[in-house]
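Trainee: model the following, please.
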Amino acid sequence: MSRMSPERSAALAEIIHAEMPGLPVEAHDAASGHPLCVVGFGPEEVLAATEVMLTTEVTMGARVRAFEAVWAARCEKRHGVMVNSGSSANLLLLAGLVETGHLAPGDEVLVPAVGWSTTLFPVAQVGLVPVLVDVDPTTLCLCPKSAAAARTDRTRAVFAVHLLGQAAEMAPYDDLLVLEDACGAHGATIGGRPVGAIGLGATFSFFFSHHITTMEGGIVVTDDDALADALRSLRAHGWTRERSDRKALEAASPEIDPRFLFVSPGYNLRPTEVAAAFGLVQDRRLDAWVARRRSNHADWCARLAAIPGLTVFPEAPGTTHAGFAFPMLVEGDRAGCMAALEARGIATRPVSGSNLARQPAFARVPSRTPVPLPVADAVHTRGFFVGNSHAFGPDHGARLAAALTSWSSS
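Mentor: Down below sits the predicted model:
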């Protein structure tokens, strides 16, 4: 509880609102450029964070538990385990699966070659074998046919990435453990269900540039009680404090002080109460913001579809696109195209890590690449994305279309 009087709290709120006019940005002016993202928080989040700081109760506690419950419910799951980043969420989920015996060292996990590095690195870091497969040419998400061709008798799981807001196809993997990396797909759906609801476990990121932010942060969601216990233990040093089976574990080791009883080879991936306070405010904004992102995605696809030498990726049937970013493939001089956009104030980036099999770090990562990766290679050499945001609109699409039309005709 805040130590401030109501009068001082009101005065503080007035100051913060005065210092943060127009935030979060709800309507960005396309004439000022096309950034990767805009500031998506404002006085309400800062006040919530300040309130936490004033209580001095800043380490993982009641607000973290509240945010975990909210996000788990959003994903139709019973458990949420918040951590300090989406990358940590991936590491924690995979470590928890090994801890609980769902997977064992040496088991193979199918992973799309196009994604973020810390989707793939943690697979190897916990002793599993990442098997890189190609992505679908219409969605840039994991390709079921490529995955089927890469399977062996050691294949136990698939870690599908809902890339840049597009939900991946999930149905063909019924006989494998299905995991979801939804770090960039908050609010996306597939078959009417939210991403995060389908797999045994799913991960999300709340980094500054994502749909909603806790500044840094992430979460794992699951319905598996044993896995949830393992995740809570592994998140915080390996101790028993948050486990539902804590009393039984303490009784089995009566000679050890239960306050410092360690039952797992854990990490320290804990979030803060400040981050959770941010998240509780941000969650209320998400649905409206995703609707705007989705509208932008559809509008931009329609505007750009006829431009020669350009490939765009419309929302897949049966899904709701969350519009995290807007990917494209170009024929010819990708660097020249990106430079032309940058010159007009339109920020660009490669499509995530592009073909991760071609990144130098993977020379030191025990992995397999048993199938051709032609689409991942195309993304690697011809792909890039521009930003999307709840604060963008048709003017951004018009600006983007004009820039790409000029580049194409030059």
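
Trainee: so the spatially closest residue to residue 190 that is not a sequence neighbour, which of the three states?
Mentor: Nearest-residue entry for residue 190: residue 167, 3.9 Å, with adjacent residues in sequence omitted and distances by Cβ to Cβ, 6 or more residues apart in numbering. C-beta coordinates here come from the backbone N, C-alpha and C atoms, glycine included. Assigned with DSSP: H, G, I helix; E, B strand; the rest coil, residue 167 falls in the coil class.

Trainee: check contacts around residue 167.
Mentor: 141, 185, 188, 189, 190, 195, 316, 319, 320, 321 (Cβ atoms under 8 Å, 6 or more residues apart in numbering).

Trainee: so can I have CSV of those residues showing secondary structure, pLDDT and neighbour count?
Mentor: Formatted as CSV, the contacts of residue 167 follow (DSSP: H, G, I helix; E, B strand; the rest coil; pLDDT from 0 to 100; neighbours: other Cβ atoms under 10 Å):
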residue, secondary structure, pLDDT, neighbour count
141, coil, 98, 25
185, coil, 98, 34
188, coil, 98, 27
189, strand, 98, 18
190, strand, 97, 22
195, coil, 98, 28
316, coil, 98, 17
319, strand, 98, 22
320, strand, 98, 21
321, coil, 98, 28
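
Trainee: just to revisit the earlier point, roughly how far apart are the residue nearest to residue 190 and residue 195?
Mentor: 5 Å (Cβ to Cβ, to the nearest Å).

Trainee: what do those two both touch?
Mentor: Shared contacts of residue 167 and residue 195 (Cβ under 8 Å, 6+ apart): 185, 188, 189.

Trainee: closest to residue 260 among these?
Mentor: Residue 260 lies nearest to residue 185 out of the shared contacts of residue 167 and residue 195, by Cβ to Cβ, at 38.5 Å.

Trainee: once you drop chain neighbours, what's closest to the closest one?
Mentor: residue 162 (3.5 Å).

Trainee: what does residue 382 give?
Mentor: If the residues on either side of it in the chain are set aside, residue 382 comes closest to residue 329, at 4.6 Å by Cβ to Cβ, 6+ apart.

Trainee: same check, this time on residue 268
Mentor: Distance criterion Cβ to Cβ, 6+ apart; nearest residue to residue 268, sequence neighbours excluded, is residue 237 at 6.0 Å.

Trainee: next up, phi/psi of that neighbour, please.
Mentor: When quoted as degrees, to the nearest 10, the phi and psi of residue 237 stand at phi 70, psi -10.

Trainee: now do the same contact list for it.
Mentor: For residue 237, the contacting residues are 262, 266, 267, 268, by Cβ under 8 Å, 6+ apart.

Trainee: the third one - how many residues pack around it?
Mentor: Neighbour count of residue 267, defined by other Cβ atoms under 10 Å: 17.

Trainee: cool, the last one as well?
Mentor: By the criterion of other Cβ under 10 Å, residue 268 has 12 neighbours.

Trainee: also residue 10?
Mentor: Neighbours of residue 10 (other Cβ under 10 Å): 11.

Trainee: I'd like to know how far it sits from residue 23.
Mentor: Distance, residue 10 to residue 23, using Cβ to Cβ: 19 Å.

Trainee: residue 240 too?
Mentor: In terms of Cβ to Cβ, residue 240 sits 42 Å off from residue 23.

Trainee: show me which of those two is the more surrounded one.
Mentor: Ranked by neighbour count (other Cβ under 10 Å), residue 240 and residue 23 place residue 240 first, with 25 against 17.
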